[in-house]
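Asker: I'd like to go over a predicted model; first the sequence, then the structure.
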Amino acid sequence: MFLGVKTARHHWVEISMEQQSKIEDIYRYYNTLIDSHSAILKHLKRRIYHIGTLRLLLIVGVSGVLWLLRDMDWGILVLLSVVFLLAFLFLVVYHSKLFEKRHFEEGLIRLFQNELKALDYDFSAFDGASEQIDTQHPFSMDLDIFGDGSLFQSINRTVSQFGKESLVARFKQPLSDKKAILMHQESVAEMKELGDFRHHFYVSGEMASNEKQDIKRLFSADNISCLSESRMTGVLIWLVPAIWILLITGYILHWVPVSFFFVYLAVCFPVANFSFKSINKALSSVSKTEHILKTYSKLMQQVEQAQFNAPLLQACQSKLLENPSLAPRTSGLLRKLAMTNKRSIPLPLSDILSLPSVILSLPSVILNEVKNRIATKGKPTAEILHFVQNVPMKFNQCVCFACGTNDSSASTAVKSLSRIIGALDQRFSIMGILLNLFYMRDTRQAMKLERWKRQNAGRLSAWFEALGDFDAFCSYGAYAFNHPDYIYPTLTDSYFEMAGKALGHPLIHRDKCVRNDIHIPKSKYFLIVTGANMAGKSTFLRTIGVNHLLACMGLPVCAESLAVYPALLVTSLRTADSLVANESYFFAELKRLKMIIDRLDAGEKLIIILDEILKGTNSVDKQQGSVALIKQLINKNTCGIIATHDLLLGALADTFPAHIQNKRFEAEIKDDELIFTYQLRDGIAQNMNATFLMKKMGIYPKTLIIAM
């Protein structure tokens with residue numbers, strides 16, 4: 001209670017027992033995962049301790065053994081040293097792998113703990129994209145889409161730069177095509193069930209989420225040809241190490257004195273660094289990106305190896321799997337086979353056996369499956385195409401093996417790039433300098449980088465776009481999973497219709513959220529909502545707007561049922577003035593309303609949500625302007641919801657009974673307390689509360705004396 005204010009509770013506010021049970025299942029699910037992975041983490045920590053102790057004992061033991069055997073033959077001592085060194089290196093590698101597993105388990109536990117917080121409406125662990133707050137956007141600022149405690153923050157589970165950009169774009173530009181939305185619903189429903197995939201994807205990416213390098217620099221065509229592979233360069237990279245081998249051989253055979261090594265070393269230094277500027281230029285766009293590229297490669301590999309049924313997910317996956325360099329040898333062959341069987345002529349088994357080696361290079365299990373499918377009922381060639389498309393990863397790998405190439409997918413190509421960049425980033429280390437002097441390592445790696453860019457730079461954008469889409473779909477899936485009580489809306493074909501029962505705001509705690517129905521049966525129709533201050537008008541408008549947005553994104557909505565047409569959403573709830581642009585509050589609102597009129601004149605199908613039209617002018621002007629605007633909107637065959645304190649606007653329902661319906665939120669004063677029900681009712685509001693609240697706060701004195 002605050003200042004004598006109470007919220008009335010009703011049976012329709014409470015969530016059902018079935019819904020409560022579903023939510024409790026989600027809590028139990030995350031708590032169970034935390035317990036199981038905590039046990040794994042405890043075991044890993046114990047193993048890490050034991051391996052660390054073993055490494056220490058090995059060092060002490062080696063030192064003791066070598067001391068005790070110091071009088072033995074040097075050959076035996078060297079052999080023992082090598083054996084112990086190999087054992088130590090094995091323990092170091094194994095130790096580092098255990099550390100990596102530990103960090104991964106810690107990441108999973110942290111994710112599950114954050115999801116539990118999110119279930120209690122604490123989204124602070126996730127990025128709210130505050131930089132995306134835009135006062136000029138048609139609805140994002142009004143509906144609190146971005147920022148702390150926002151809808152975006154509650155849904156966002158992206159771990160890549162591209163995933164966040166993809167998710168932001170989906171919020172800013174929701175879908176308006178029914179078929180596309182239904183395809184997104186199918187994808188979200190599938191991602192919802194892929195919990196292990198989503199969790200591993202998040203943690204794998206989150207481990208490198210602090211990397212700030214701009215990977216988009218790789219997309220620039222200006223970065224492709226910085227180091228030319230001249231004939232002289234091609235000769236030098238082999239000549240320099242060949243001469244070193246000859247010198248070492250000559251020295252062993254006592255043909256070459258030691259002084260030759262120093263002379264040749266002096267020659268090698270300028271030779272090995274003759275392309276220093278070109279290498280720096282080639283590396284400028286990719287330096288220090290090894291780690292994040294390696295992470296992206298892992299994420300891509302997870303996507304490539306997964307199996308998806310939803311067409312949208314399959315399409316994204318195919319972008320990562322396809323290799324255009326193989327097209328003349330693979331897809332061209334399959335296309336030719338399909339062209340020869342346009343009329344679905346059954347393909348005999350003998351023809352299958354005569355296919356080129358590219359197809360026969362498939363693993364025997366897959367090939368036998370193809371044979372069985374063809375042989376049993378004489379299926380046409382299209383069946384081969386369909387089957388091969390369903391096993392793109394294995395097929396592409398086999399084709400690449402047969403064609404002698406390793407970059408069978410985006411993940412392998414990006415991993416290769418990561419290794420090249422890592423090698424170049426280490427060129428100023430002692431080992432890097434030595435390797436460069438002995439076999440021109442920097443030049444070799446720079447040439448590899450240029451070849452990689454020429455082959456793959458044009459595909460990077462599509463690869464990262466696909467990765468970003470999967471990242472966004474993982475956020476969608478997590479949102480759907482965390483809200484088992486939400487439903488997928490039905491999409492209507494006629495503009496406009498919106499009929500929903502028990503709509504609630506997804507950011508209001510489920511135990512406090514008061515749900516209301518909505519019904520806009522057609523276009524050229526407006527709900528005029530009147531009510532007292534704090535009675536729930538603005539929250540209701542945002543509830544409708546947010547659920548409409550979720551529906552157009554293909555996400556489940558906070559409702560018992562909802563049928564809606566995916567019209568474009570425009571709101572005017574929170575207009576702001578601008579000192580920089582020299583715009584008053586009133587002028588900013590007029591610009592907003594002009595934008596709406598212009599879009600309607602352009603033929604766009606809109607749903608319009610307005611709160612207190614023309615707030616920045618006097619009562620008479622406001623009333624006249626509001627009436628004129630509503631009449632104009634009706635004449636333009638649009639629809640929406642308008643909230644107002646001006647009760648006289650409710651009289652428009654008498655003038656346009658077929659196009660306007662009055663709704664209200666009431667506030668009741670009982671026993672000197674203000675009671676809100678937040679329940680939407682028919683008609684025009686009867687009670688106001690501004691004077692009551694002013695008296696409660698001491699702003700409005702009981703006796704008013706004006707000094708003259």
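Answerer: Perfect, I can see it now.

Asker: rest of the way, CA atoms for contacts and neighbours
Answerer: Noted.

Asker: tell me which stretches of the chain form strands.
Answerer: Ranges of strands in the chain, per DSSP state E, are 5-7, 490-491, 498-503, 516-520, 525-531, 561-564, 568-572, 606-611, 639-644, 660-665, 667-670, 673-676, 681-682.

Asker: nearest to residue 653, out of these?
Answerer: In terms of Cα to Cα, the element of these nearest to residue 653 is strand 660-665, at 5.0 Å.

Asker: quick one: contacts for residue 663?
Answerer: Shown in contact with residue 663 (Cα atoms under 8 Å, 6 or more residues apart in numbering): 527-530, 680-685.

Asker: swap in residue 170?
Answerer: Shown in contact with residue 170 (Cα under 8 Å, 6+ apart): residue 553.

Asker: just residue 167 next, same as before
Answerer: Residues near residue 167 by Cα under 8 Å, 6+ apart: 156, 158, 469, 472.

Asker: quick one: average confidence on stretch 553-560?
Answerer: Regarding stretch 553-560, the rounded mean pLDDT is 96.

Asker: can you check stretch 173-188 too?
Answerer: In the prediction, stretch 173-188 has an average pLDDT of 96.

Asker: would you indicate which residues of that stretch are buried?
Answerer: By 16 or more other Cα atoms under 10 Å, the buried positions in stretch 173-188 come out as 174-176, 178, 181-188.

Asker: and what of stretch 457-475?
Answerer: 457, 459-461, 463-475.

Asker: output that stretch as PDB - backbone C-alpha positions only.
Answerer: Extracted in PDB, the C-alpha atoms of stretch 457-475 (Å, rounded to 0.1, in the frame of the first residue of the first chain):
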ATOM      1  CA  ALA A 457      36.100 -13.400 -48.200                       C
ATOM      2  CA  GLY A 458      33.000 -13.200 -50.400                       C
ATOM      3  CA  ARG A 459      31.200 -15.800 -48.300                       C
ATOM      4  CA  LEU A 460      32.100 -14.500 -44.800                       C
ATOM      5  CA  SER A 461      29.100 -12.100 -44.700                       C
ATOM      6  CA  ALA A 462      26.700 -15.000 -45.500                       C
ATOM      7  CA  TRP A 463      28.400 -17.300 -42.900                       C
ATOM      8  CA  PHE A 464      28.200 -14.700 -40.100                       C
ATOM      9  CA  GLU A 465      24.700 -13.800 -41.000                       C
ATOM     10  CA  ALA A 466      23.700 -17.400 -40.700                       C
ATOM     11  CA  LEU A 467      25.500 -17.700 -37.400                       C
ATOM     12  CA  GLY A 468      23.800 -14.500 -36.200                       C
ATOM     13  CA  ASP A 469      20.400 -15.900 -37.200                       C
ATOM     14  CA  PHE A 470      21.000 -19.100 -35.200                       C
ATOM     15  CA  ASP A 471      22.200 -17.100 -32.200                       C
ATOM     16  CA  ALA A 472      18.900 -15.100 -32.400                       C
ATOM     17  CA  PHE A 473      16.800 -18.300 -32.700                       C
ATOM     18  CA  CYS A 474      18.600 -19.700 -29.600                       C
ATOM     19  CA  SER A 475      17.300 -16.600 -27.700                       C
END
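
Asker: off-centre distance for that stretch?
Answerer: Once both centres are worked out by Cα atoms, centre = their mean, to the nearest Å, stretch 457-475 turns out to sit 9 Å from its chain's centre.

Asker: give me the contacts around that stretch.
Answerer: Under the criterion Cα under 8 Å, 6+ apart, residues 155-167, 187-188, 191, 198, 218-219, 221, 224, 299-300, 303, 313, 316-317, 319-320, 410 lie in contact with stretch 457-475.

Asker: domain assignment for the protein?
Answerer: Using automatic domain parsing, the domain parsing of the chain gives 9-120, 129-156, 157-224+275-323+407-482, 228-274, 324-388+398-403, 490-696.
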